[in-house]
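Novice: Show me the folded form of this:
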Amino acid sequence: MATITIALAGNPNAGKTTLFNTLTGSRQHVGNYPGVTVEKKEGGYTFPSGEHASIIDLPGTYSLTAYSVEEVVARDYLVQEKPDVVINITDASNLERNLYLSTQFLELGVPMVIALNMIDVAQDRGISLDAQKLAELLKVPVIPIIARSGKGTAELMGAALALAKENKPWDPLYISYGEDVDLALQTMAQRITATSFMTENYAPRWLALKYLEGDSQIREKGRAHNPAVDAELQEIVERVSAHLHKTMETYPEAIIADHRYGYIKSVLRQEVITHTFDIDRLHASDRIDKVLTNRFLGPLIMLGVLLGLYKFTFTFSELPVAWLETFFGWAGDNLSSLLPDGHLKSMLISGVIDGMGGVLGFVPLIMFMFFGIAILEDSGYLARVAFMMDRVFRIFGLHGSSVMAYIVSGGIAGGCAVPGVMAARTLRSPRERLATLLTVSFMNCGAKLPVLALLTATFFSNNQAQLMFLLTLLAWGVALTAAKILRLTVLRGDSTPFVMELPPYRFPTFQGLFIHTWERTWQYIKKAGTTILTISILIWAMMTFPGLPASEEENFARQRQEVESLSAQTPEEALQREEKLAAIDSDRAGSGLRHSLAGRLGTAMESVSWLPGFDWRTNIALVGGFAAKEVIVATLGTAYSLGETDPENTASLSETLAKDTHWNPLVAMALIVFVMFYAPCFVTVVCISRESGSWKWGLFSICFNTGFAFLLATLVYQGGRALGFAG
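Specialist: The predicted structure follows:
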């Protein structure tokens, strides 16, 4: 039998991704669906009988009506790709709500197996489910599972394989929606069938349902396919809508939702669900939430958890980071001794090893940070953070759903602004969505983390974890302030209400933690090995060419000859001669760097950058940071490698900065503030432009963020100097 295709679908927080990880393990890869930025996960599964399956993890969705891009992607995949089987993962402890999506799958007619996940949680809550009875009533296989532990997954996949082998045609379920709606559906379906209106992809009655529900994407496709038929269908919708509003003060979409829930209740009341004890008692998650989401204790616990995350990260990553620094130093020493002097040696040591080493040296820190975040995410605590922060966000004109976009972007340091920008699409209000996606880049993403870690370790090593904790709070404060400014000026408008489901607390599985940690860490390593390597070599070239003018080269060569010709009668005189030669080489390297293309650009920028205390080397690094923030560390490593006193000295960048007379804690703090808040990386700018529908918002984010960051950094540096901190 050929490879079968199985799509995993379900509500958010139903355990869909956990099941995907359990089934596929390491045999999975991540990409994007064509034409959109929604993540596509695909993995492989081998049955005991030897057959192979391709598992597709569809985006989590509550409905098949196109309210968000995720819902459109999930529905389009089902309709256009027609997988052999859909496994619908449901939360057994919230079955009525979860079966709403299942009902829509039945109406679409897809071959489906229902997985009753978290059956253990349902039992703990006194809920007993008769899976066999539910299967008989819905006429689809129903398998109880615990995705976290893998219990029942073999039976689930066996049922999916058996259903795929039957190869039945799609058989839509017909639900009655009352006389008025049913009559309209019948009329519309007949017209759709007679004109073959999009029937190559959609069942006529299901298509009519989407028109009555006001599905914007289907209506748009209908107008493009046949404007005349579309107009006829719209006229029927308007007529039945007006009649329902006049007689019942309601609309077709509300009637349809009510009847679907009525169908679900009629199924569940046939002894599918029984309660073994008082259903009003507090469940375990509810009891925990009475403490963790308490109005007063909750925020304090949240801050404690955040500080603990940083303590954990910096404590456990300190030793492996030191090992990697030693390794790259050793690699530079050995390569330097093997290669002859010249541009190739300079590029490999200064452009690749010193540049890339500064970025890859922080892989252990990034990995431990992602591991800690995965624990908070998989346990269900991050959803509580969003719930608690909604009260604060409303003050700043944002929506509670913005919290998750901020968290994904690095609200707990280590995220990425790109998925954060994409997460903002769940907001229905255009103004709240714009305010969110324009400010998520203020969070401390994983790209900024190496810069912050380098500067805090160099100049604030005694309080590194505490300072990173304070910088996280600063990022939130500045982002919310910027959002408030935007909501009071260019994005004025009322806030919309916040509704969110809190998933039950769960113990994360080691497999899930490992997969989530490795996926994010590997993305960071791949970025370092491609984008950052390319930019590092490009910046090395800009720092090397066109080089010193011939007259200056001759001048330095003459100075060396003069010193080398001096006789050294004593060891002291020989040492003095070596020191003079080293000083000449240092001056030559520094002068060459200043005469390079990058040096000239950085020097020209000093006419403004003196205000926040940045010198020309720092300016070069910040220009590179427009492409990717990790490049800042790589560029500083290259700049100081090309201009260091002793070319054979491969001390770490941290030691080099600590010894440099220009650098001090005040300069470091001003740079930290600027890096945290200046222009988003290029990929994020592209994403902002795509999500907002206009490049003007991408350009606005560059100008607004950079101006805001420059002002804050200048206030830090000049204010610190005025208070006497520039020692």
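Novice: Tell me, how many residues neighbour residue 286?
Specialist: 13 (other Cβ atoms under 10 Å). Placement of C-beta: from N, CA and C, glycine included.
Novice: Tell me the secondary structure at it.
Specialist: Secondary structure state of residue 286, per DSSP: H, G, I helix; E, B strand; the rest coil, is helix.
Novice: Residue 116 now?
Specialist: strand.
Novice: same question, residue 594
Specialist: Residue 594 ends up helix, using three-state DSSP.
Novice: Correct me if wrong: it contacts residue 603.
Specialist: Yes: counting by Cβ atoms under 8 Å, residue 594 does reach residue 603; the two are 6.2 Å apart.
Novice: hey, what's in contact with both of those two?
Specialist: The overlap between the contact sets of residue 594 and residue 603 (Cβ atoms under 8 Å, 6 or more residues apart in numbering) consists of residue 616.
Novice: tell me the contacts of residue 168?
Specialist: For residue 168, counting by Cβ under 8 Å, 6+ apart, the contacting residues are residue 111.
Novice: quick one, phi psi at it?
Specialist: phi -80, psi 150 (degrees, to the nearest 10).
Novice: likewise residue 11?
Specialist: Dihedral pair for residue 11: phi -70, psi 150, per degrees, to the nearest 10.
Novice: Give me the pLDDT value at it.
Specialist: At residue 11, the predicted lDDT confidence score is 88.
Novice: mind checking how far it is from residue 96?
Specialist: Noted for residue 11: a distance of 12 Å to residue 96, by Cβ to Cβ, to the nearest Å.
Novice: Which one of these two is surrounded by more residues?
Specialist: residue 11 (23 against 13).
Novice: what sits against that one?
Specialist: Taking Cβ under 8 Å, 6+ apart as the contact definition, residue 11 lies against 60-62, 90-91, 97-98, 101, 501.
Novice: Quick one: the helices in the stretch 601-727 of the chain, in order.
Specialist: Along the stretch 601-727 of the chain, the stretches classed as helices by DSSP state H, counting those that start in this stretch are 616-624, 631-642, 653-659, 665-677, 682-692, 695-722.
Novice: closest to residue 226 out of these?
Specialist: Counting by Cβ to Cβ, residue 226 lies closest to helix 682-692 out of the helices of the stretch 601-727 of the chain; the figure is 29.8 Å.
Novice: between the closest one and helix 695-722, how many degrees?
Specialist: Orientation note: helix 682-692 sits at an angle of 130 degrees relative to helix 695-722 (axes from the mean of the first three to the mean of the last three Cα atoms, to 10 degrees).
Novice: Pull the distance from helix 682-692 to the chain's centre.
Specialist: Distance of helix 682-692 from its chain centroid, counting by Cα atoms, centre = their mean, to the nearest Å, is 14 Å.
Novice: avg pLDDT for it?
Specialist: On average, helix 682-692 scores 79.
Novice: Need the CA coordinates for stretch 206-224. CSV is fine.
Specialist: Taking Å, rounded to 0.1, in the frame of the first residue of the first chain, the C-alpha atoms of stretch 206-224 are listed here in CSV:
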residue,chain,number,x,y,z
TRP,A,206,-21.7,22.8,2.6
LEU,A,207,-21.0,25.6,0.2
ALA,A,208,-24.4,27.0,0.9
LEU,A,209,-23.8,26.8,4.6
LYS,A,210,-20.6,28.9,4.3
TYR,A,211,-22.6,31.6,2.4
LEU,A,212,-25.2,31.6,5.2
GLU,A,213,-22.5,31.8,7.9
GLY,A,214,-21.0,34.8,6.1
ASP,A,215,-17.7,33.1,5.3
SER,A,216,-15.7,36.0,3.7
GLN,A,217,-13.1,33.7,1.9
ILE,A,218,-15.8,31.5,0.3
ARG,A,219,-17.8,34.5,-0.8
GLU,A,220,-14.6,36.1,-2.3
LYS,A,221,-13.9,32.9,-4.2
GLY,A,222,-17.5,32.8,-5.4
ARG,A,223,-17.4,36.3,-6.8
ALA,A,224,-14.2,35.4,-8.7
